[in-house]
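Enquirer: A predicted structure for the sequence below; I have some questions about it.
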Amino acid sequence: MTTQLPSPASPLRIGTRGSPLALAQAYETRTRLMRAFSLPEEAFEIVVIKTTGDNRAMIDADRPLKEIGNKGLFTKEIEEALTEGRIDIAVHSMKDMPTQQPAGLMLDCYLPREDTRDAFVSVTADSLQDLPQGAIVGSSSLRRRAQLLNRFPHLQVVEFRGNVQTRMKKLQDGVAQATFLAQAGLNRLGMAEVAKQAIAPEDMLPAIAQGAIGIERRTDDLDSAAMLEAIHDGQTGQRLAAERAFLAALDGSCETPIAGLAELDGNTLRLRGEVLRPDGSDRIGADRTAPITDGVALAQAMARDLLDEAGPGFFEWMWD
Ligand SMILES: NCc1[nH]cc(CCC(=O)O)c1CC(=O)O
C-alpha cells in the first residue's frame, strides 16, 4: 500500500481547539509530520474548532467546570468534524479524552510525553510544603482539590479558573496564595518559569494521561493511519494503555478524583493509582509493578482491588 501524502494543493487538515495550549499542540504535531515526511508547512492546514466547553466556559467564567458539563465537553464538536470529514486528524490533550471513542474514530497515535507532574504556582511561597497553616489555594480540579485536602489538611481550597494570565493576576491580587497547573502545559507554552516547583507524584499523583498528546483519526482512513504511525511514541502508548485501562475499569472521567501514573523501567511497568472522596476525607491507592506486556491486566486488577477496598458507597458521588 502506498500512502497518499498531503501537499499544498491537498493539505492535511489538523483539527484543534483554539486555546494557546491546544494550538501549541497542533503546531507540534504539524512539525513532527513535516519532519517525518519532508513536507512543507503548506501541506498542512490548522482548522480551529470552537467547542461547547470553550463557549460555556467563556459565558460562565466563574462557574466550576464540573457543573457546566461532563465527558466530551471539549471534544464533541471536534469529533463531529472528524466524523463528517471536515478535518482529517484531531489533536487532543489525552487528559481530557474519554476512554472510549465514538464509533468510526480511533486514537492510536501519541506524541512523546511531556512532564507528567503538576506545577506549584505562587507569588508568596516557594513550594507546597512552605504554605502556612490556613493558606488558601485555588483549584477547579476535583482531583487536585481532593488530594490537597487529603494530604495537606491545613490548607483551604477555593474554586479557581481561567488561563495562566488570569490566574497569575488573581494570585497577585491575593485571592489565593497558590494554584496548580500541569507542568506540561506550561512547558509547551514556553512558560516553565511560572512554576515555583514541579510537585513530586508522592505529593500529588497526576491525572491519567497528563502531559500526553493524542491524535485521533477515522478508523478507515488508512492514509492518516500510515502518517500517524511514523510519529507515534511507543513508550507513551504503553504507559497510556495502562493508565487508561485503570480509568476505564473505574468508570471514571476527568471529572472524578482519580489519579494514576505509569512509568517504565526497562521491561517493567510501575503503576500508581488512587481514588479519593471529593472532600479528601478518604483515599485508596496502590503502587504495583508488572512486565510491560501485562500493563493493561495490572491496571484492571488494580482498579478491581481498589473498588473492592472502597466498597459500595464510596463511588456514589460519581454519578451525582
Ligand atoms: N483539564 C485541562 C487541561 N488539559 C490538559 C492540560 C494540560 C496539559 C496536559 O496535561 O497535557 C490542562 C490544563 C491543566 O491541567 O493545567
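Expert: Received, thanks.
Enquirer: now do the contacts for the residue lying closest to residue 268 once chain neighbours are set aside.
Expert: Sequence neighbours aside, residue 289 is the residue nearest to residue 268 in space, at 5.3 Å (criterion: C-beta to C-beta, 6 or more residues apart in numbering). Quick note: C-beta positions are derived from backbone N, CA and C, even for glycine. Residue 289 makes contact with 268-271, 298 under the criterion C-beta atoms under 8 Å, 6 or more residues apart in numbering.
Enquirer: backbone dihedrals for residue 274, please?
Expert: For residue 274, the backbone dihedrals (degrees, to the nearest 10) come out as phi -160, psi 150.
Enquirer: ok so, going back, mind checking which of the contacts of residue 289 are buried?
Expert: 269-271, 298 (16 or more other C-beta atoms under 10 Å).
Enquirer: got a markdown table for these, with distance to residue 157, pLDDT and secondary structure too?
Expert: Rendered in a markdown table, the data for the buried ones among the contacts of residue 289 read as follows (distance: C-beta to C-beta, whole Å; pLDDT from 0 to 100; DSSP: H, G, I helix; E, B strand; the rest coil):
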| residue | distance to residue 157 | pLDDT | secondary structure |
| --- | --- | --- | --- |
| 269 | 32 | 98 | strand |
| 270 | 29 | 98 | strand |
| 271 | 27 | 98 | strand |
| 298 | 32 | 98 | helix |
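Enquirer: farthest pair within these?
Expert: Put simply, by C-beta to C-beta the two of these set farthest apart are 270 and 298, 9.4 Å from each other.
Enquirer: what sits in contact with each of those two?
Expert: When contacts are counted by C-beta under 8 Å, 6+ apart, the set common to residue 270 and residue 298 consists of 288-289.
Enquirer: about what we covered before: the residue nearest to residue 268 and the ligand: what is the separation?
Expert: Plainly put, residue 289 is 24 Å away from the ligand if you go by C-beta to the nearest ligand atom, to the nearest Å.
Enquirer: remind me which helix or strand that residue belongs to.
Expert: Secondary-structure assignment from DSSP states H and E places residue 289 in strand 283-291.
Enquirer: against the ligand, how distant is residue 159?
Expert: Distance, residue 159 to the ligand, using C-beta to the nearest ligand atom: 14 Å.
Enquirer: same check, this time on residue 4
Expert: According to C-beta to the nearest ligand atom, residue 4 stands 31 Å off from the ligand.
Enquirer: now do the same contact list for the residue positioned nearest the centre of the chain.
Expert: With distances taken as C-alpha atoms, centre = their mean, the residue of the chain nearest its centroid is residue 95 (1.9 Å). With contact taken as C-beta under 8 Å, 6+ apart, residue 95 is in contact with 182, 207-212, 254.
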